[in-house]
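In: Provided below for reference: sequence and predicted model.
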Amino acid sequence: MTGKAFIDTNILIYAYSSTDMLKKEKSLNILRSENLTMSTQVLNEFVWVMSRKYLLPIDLLRDVINNISGIAYISLITLSTINNAISLTERYKYSYWDSLIISSALETGCDVLYTEDLQHNQTIKGIKIINPFKR
């Protein structure tokens, strides 16, 4: 990987919970990379899923989030991020939440967005979307 990479929530979820060892290993490899970025949205979604679906204790999730913040830059969602996400939703017809991820990746100058939720190999304003689980 070269440049900055933005990590979507599903990468974190697979790294910390997946019984699919291929997805888990690919996610862990991404998390071992340098120049990682994610947003507060990603962290919030991760806490929600891990506490509700996987029943991880909230105090453990606090520790996990603090560890994650040590390996990745965490971008904040601002009014500008939101307005850009709305424009992306209008143009590309992605959901608002997916557009908010793209908007955060754009604002932080990322070259790659790792996610399984968007169109693999699509480039949006200079960011290449990569589904690392695509075979």
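Out: Now that the structure is in, tell me what you want to look at.
In: so who does Ile74 touch?
Out: Contact analysis of Ile74 by Cβ atoms under 8 Å, 6 or more residues apart in numbering lists 37-40, 43. Quick note: C-beta positions are derived from backbone N, CA and C, even for glycine.
In: again, only using 10 Å
Out: Going by Cβ atoms under 10 Å, 6 or more residues apart in numbering, Ile74 touches 36-40, 42-43, 65, 68, 104, 108.
In: for the chain, give me the ranges with low pLDDT.
Out: 1-2 (pLDDT under 70).
In: where along it do the helices fall?
Out: 9-17, 21-31, 40-52, 58-68, 79-92, 96-107 (DSSP state H).
In: end to end on stretch 69-80, go ahead and measure it.
Out: With Cα to Cα, to the nearest Å applied, stretch 69-80 spans 23 Å between its terminal residues.
In: for it, which residues meet the burial criterion?
Out: Within stretch 69-80, the residues that count as buried by 16 or more other Cβ atoms under 10 Å are 72, 74-75, 77.
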